[in-house]
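Undergrad: structure here, sequence nowhere to be found:
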């Protein structure tokens, strides 16, 4: 199958908004290439066997999205152009020019792998690509991931912050909802940390397929169920933990429903929020009766953990 790779070079502050536009168009994959993030991991020593050179120009982020080459593509590109022009007016800055090229699915699935190395993202959790070797140390939990065309390798700040928060709170009897699961990395992490049951949801059929494959790969299919659906739609019952590593706009949209889906004393973890919008999310948390437990920021991104009283 052929895919159109649409690429934009833009400022870090526009990253979330541009990614959201791509998601709204129905992109089956959105890739964020952040040179500053690459430098952070190189210097931290978290990447094993990394041969990627130091990034010199690190203030420009490249965002790539993949849309199928079909009869709807031209109309989606026109929608993209209009949405980017509106965004430029709102932030009073130029977004960047859209470049387009066609790629085969197998090319897309392989090209990004050079950037993915084993990385320890928390006290115990190590994320390892399936095609790399890694020797487990002591009490480490090694999670095998092949993201394919779904978001979630563990190396991005948003994912690693969510994983560290899960390390702090997951208990053996917990029911966990992972909203916008992508590659399934957070669902697998919750299961590996001992959660009794994890329900993972994504509205992208490609992500659902990839997440299910990663669940089986990590031998947690008895604990994790992956469904296709929009945010909390289709999920019933009350969870002990809801984790949503998506973007601020979708988090704000789902927040009014979160208290009803959380057990008393349950936790809500929200990631994927650019720092400029953390305050907005905090206000909405409070408005819906959730109490802030922790907020952390890394690399221009924020992750929040709140709790339902009771």
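TA: Arrived safely, thanks for sending. Since we're looking at a predicted model, the values are computed, not measured. Numbering: from 1, shown residues only.

Undergrad: residue 127 against residue 185, yeah?
TA: Yes. Residue 127 is within contact range of residue 185, at 6.9 Å (criterion: Cβ atoms under 8 Å). Every residue, glycine included, has its C-beta placed from N, CA and C.

Undergrad: report the buried residues of the longest strand seen in the chain.
TA: Identified as the longest strand of the chain according to DSSP state E is strand 262-274. If you call a residue buried by 16 or more other Cβ atoms under 10 Å, then strand 262-274 has these buried ones: 262, 266, 267, 268, 269, 270, 271, 272, 273, 274.

Undergrad: what's the most distant pair in those residues?
TA: The most widely separated members of the buried residues of strand 262-274, counting by Cβ to Cβ, are 266 and 274 (25.8 Å).

Undergrad: SS state for residue 90?
TA: Assigned state for residue 90: helix (three-state reduction, DSSP: H, G, I helix; E, B strand; the rest coil).

Undergrad: now it: how far from residue 301?
TA: 20 Å (Cβ to Cβ, to the nearest Å).

Undergrad: for residue 87, same thing?
TA: Distance, residue 87 to residue 301, by Cβ to Cβ: 19 Å.

Undergrad: and for residue 180?
TA: Distance from residue 180 to residue 301, counting by Cβ to Cβ: 15 Å.

Undergrad: before we move on, back to that, higher neighbour count, residue 90 and residue 301?
TA: residue 301 (24 against 10; other Cβ atoms under 10 Å).

Undergrad: which residues touch the more buried one?
TA: 156, 157, 158, 161, 271, 272, 273, 274, 275 (Cβ atoms under 8 Å, 6 or more residues apart in numbering).

Undergrad: ok, now residue 144?
TA: Contact partners of residue 144, counting by Cβ under 8 Å, 6+ apart, are 128, 129, 130, 214, 217, 218.

Undergrad: give the buried subset of those residues as a ChimeraX selection command.
TA: This is how ChimeraX selects the buried members of those, with burial counted by 16+ other Cβ under 10 Å:
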select :128,129,214,217,218
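
Undergrad: export the contacts of residue 144 as a markdown table, with columns for pLDDT, secondary structure and distance to residue 14.
TA: A markdown table is the format used below for the contacts of residue 144 (pLDDT from 0 to 100; DSSP: H, G, I helix; E, B strand; the rest coil; distance: Cβ to Cβ, whole Å):
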| residue | pLDDT | secondary structure | distance to residue 14 |
| --- | --- | --- | --- |
| 128 | 87 | strand | 32 |
| 129 | 83 | strand | 29 |
| 130 | 80 | coil | 33 |
| 214 | 92 | helix | 30 |
| 217 | 93 | helix | 35 |
| 218 | 95 | coil | 35 |
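
Undergrad: just the closest of the contacts of residue 144 to residue 232, please.
TA: Using Cβ to Cβ, residue 214 comes nearest to residue 232 of those, at 21.9 Å.

Undergrad: hmm, residue 127 and that closest one touching each other?
TA: No. Using Cβ under 8 Å, residue 214 is not in contact with residue 127, being 10.9 Å away.

Undergrad: now do the shared contacts for the two.
TA: Both residue 214 and residue 127 are contacted by 145, 185, under the criterion Cβ under 8 Å, 6+ apart.

Undergrad: can you pull out the strands in the stretch 151-300 of the chain?
TA: Per DSSP state E, counting those that start in this stretch, the stretch 151-300 of the chain carries strands over the ranges 175-179, 197-202, 224-228, 239-245, 262-274, 290-298.

Undergrad: partners of the first one in the sheet?
TA: So that's strand 175-179. Partners of strand 175-179 in the sheet, by DSSP bridges, are strand 197-202 (parallel), strand 239-245 (parallel).

Undergrad: same deal with the third one?
TA: If you go by DSSP bridges, strand 224-228 pairs up with strand 197-202 (parallel).
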